[in-house]
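Trainee: Have a look at this prediction, sequence included:
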Amino acid sequence: VTSAESPRSIFEVVEAQRLGCELVGSALYAAILDEVAVDLRRGGPLARPLETVLDAPFGDAVLLRLLAGLHHVVLSGRAARLAGHYPSAGGRVRLGPELGVALRATAEEHAAELASAMVVGVQTNEPGRSAVLLGGYLAVAAEFGLPLEVLEVGASAGLNLLFDRYRYLDVDQAFGPPQSPLVFERPWFGGGPDLSVPLVVAHRAGCDRAPLDPTSSADRQRLRSYVWADQLDRLARLDAALEVAVADPPRVDRADAVSWLEGQLLRRSLRRATVVVHTIVFQYLRTADRRRFVDLVEGAGACATIEAPFAWLRMEPGGDSAELRLTTWPGGGTRLLATSAYHGPPVVWRERSS
Ligand SMILES: C[S@@+](CC[C@H](N)C(=O)[O-])C[C@H]1O[C@@H](n2cnc3c(N)ncnc32)[C@H](O)[C@@H]1O
């Protein structure tokens, strides 16, 4: 998804998002988007918050902002009727006409709040993506045999900066602290990476243009609102990751990706492998910033040595799946390591350990 694509009509955007929801099994959100399409045609209350963003690029994911706005009202206990349809609030998925009635009543009553939700970018912090990234970090550790210095842009609350504090189980190996509240059970489809590679994170830091603080209950509620309301496994995963983060919060600076990275790259350490990482962030950068970002990364790569190697690890859209790619320097070779669902598992690992 890039903003350089030719513009799509809001109806095409709704349909693409609806299909995306269907594809990952969110029947509730697919049905809600059907109702949004109806209101767009007849100017109903669900369409009103979208009026200011009709021309936004597809990559801005404006419908996710609307869905999160509705979910936030439900989670904060101010939409009892709609909550009856939201499993995250104790309801159950019912796709009949009452869903449309409850949605429209909520959109009328909370119109101002939904309008404000449309000006805030999507900040889903999905710890399931750690199960995709882990293999990439292990590949860097295996290649260079050095502690890692991890720099994540667009880190949101920084939950994926804590990837090594979660537990991952494969058939006959495991990685991460056994007592971690977040456990991934066989996230790989048909075999994963070699989990026995020694991996130490010597330093971790991230940036986000609007970071969320895992120790703030308001920010935790916002993070929960970005999870699709009928995906209770994802909510449980988020809550478990938040428990880890609250105990020892990661550093996430409030900064723009390009300027922050530029500053970070001035301070590279010897005998550490620097890894610049991002997951589902590139579509939110302006085209010029994306270019500057790649120039920075490639410039840093060109200066890398075997004592101060450099890696660029990214999980970004690749059509129906997300793709995990790794470029390492010296050398500058790029590998497609894995494909996965957009929120993480199942991960199809492409470089088998045996
Ligand atoms: C879809 S979220 C993904 C968050 C996180 N990477 C994850 O995968 O869980 C995109 C994140 O990128 C951040 N973001 C967007 N544009 C940015 C920019 N120019 N500089 C820094 N962060 C940015 C947003 O605030 C948001 O937290």
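Mentor: On my side now, so go ahead. Predicted, not measured: the structure shown is a model, and the values here were computed from it.

Trainee: okay, CA-based contacts and neighbour counts for the rest of this
Mentor: Will do.

Trainee: Give me the phi and psi angles of Gln252.
Mentor: Slight slip there: residue 252 is Val, not Gln. The phi/psi pair for Val252 (degrees, to the nearest 10) reads phi -130, psi 110.

Trainee: Wait, it touches Pro211, no?
Mentor: Yes. Assessed by CA atoms under 8 Å, Val252 is found in contact with Pro211 at 6.6 Å.

Trainee: Comparing those two, which shows the higher neighbour count?
Mentor: Neighbour tally, Val252 and Pro211, criterion other CA atoms under 10 Å: the higher count belongs to Val252, 26 against 20.

Trainee: now the more buried one, which residues is it bridged with?
Mentor: Gly206 (DSSP bridges).

Trainee: Offset the numbering so it begins at 567, please.
Mentor: Shifting the count to begin at 567 puts that one at Val818.

Trainee: for it, what are its contacts?
Mentor: With contact taken as CA atoms under 8 Å, 6 or more residues apart in numbering, Val818 is in contact with 721-724, 771-774, 777.

Trainee: Overlap of the contact sets of Val818 and Pro777?
Mentor: 721-723.

Trainee: how about these in CSV, adding neighbour count?
Mentor: Formatted as CSV, the shared contacts of Val818 and Pro777 follow (neighbours: other CA atoms under 10 Å):
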residue, neighbour count
Ala721, 33
Ser722, 27
Ala723, 30
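
Trainee: Relative to Leu699, which of the residues you listed is nearest.
Mentor: Ranked by distance to Leu699 (CA to CA), the shared contacts of Val818 and Pro777 are led by Ala721 at 13.2 Å.

Trainee: Help me confirm that Asp796 is found in a strand?
Mentor: No. Checked against DSSP: H, G, I helix; E, B strand; the rest coil, Asp796 lies outside a strand; its state is coil.

Trainee: thinking it is in contact with Ala596, fair?
Mentor: No. Using CA under 8 Å, Asp796 is not in contact with Ala596, being 10.8 Å away.

Trainee: Can you tell me the element Met881 falls in?
Mentor: Met881 belongs to strand 876-884 when assigned by DSSP states H and E.

Trainee: Can you tell me the strand partners of that strand and which way each runs?
Mentor: strand 839-845 (parallel), strand 887-895 (antiparallel).

Trainee: In space, what's closest to whichever residue of the chain sits closest to the ligand - neighbours in sequence excluded?
Mentor: For the chain and the ligand, the shortest gap (CA to the nearest ligand atom) falls at Asn691, measuring 3.1 Å. Setting aside the residues directly before and after it, Asn691 is nearest to Ser722 in space (CA to CA, 6 or more residues apart in numbering), at 5.8 Å.

Trainee: Surely that neighbour is in contact with Glu692?
Mentor: No. Contact criterion CA under 8 Å: Ser722 and Glu692 do not qualify, at 9.3 Å.

Trainee: tell me the SS of His651?
Mentor: coil.

Trainee: so it makes contact with Gly662?
Mentor: No. When contacts are counted by CA under 8 Å, His651 is not listed as touching Gly662 (10.2 Å).

Trainee: ok, the two, which is more surrounded?
Mentor: Higher neighbour count among His651 and Gly662: His651, with 23 against 9, using other CA under 10 Å.

Trainee: Could I get the contacting residues of the more buried one?
Mentor: 657-660, 665.

Trainee: what does Val842 give?
Mentor: 716-719, 863, 876-879.

Trainee: Filter the contacts of His651 down to the buried ones, ChimeraX style.
Mentor: Those of those that count as buried under 16 or more other CA atoms under 10 Å are selected in ChimeraX with:
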select :657,659,665
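
Trainee: Name the nearest of the contacts of His651 relative to Val579.
Mentor: Using CA to CA, Leu665 is the member of the contacts of His651 that sits closest to Val579, with 21.5 Å.

Trainee: part of a helix, is the closest one?
Mentor: Yes. Using three-state DSSP, the assignment for Leu665 is a helix.

Trainee: I'd say it and Leu648 touch.
Mentor: Yes. At 7.1 Å, Leu665 and Leu648 qualify as touching, with contact defined as CA under 8 Å.

Trainee: All set, thanks.
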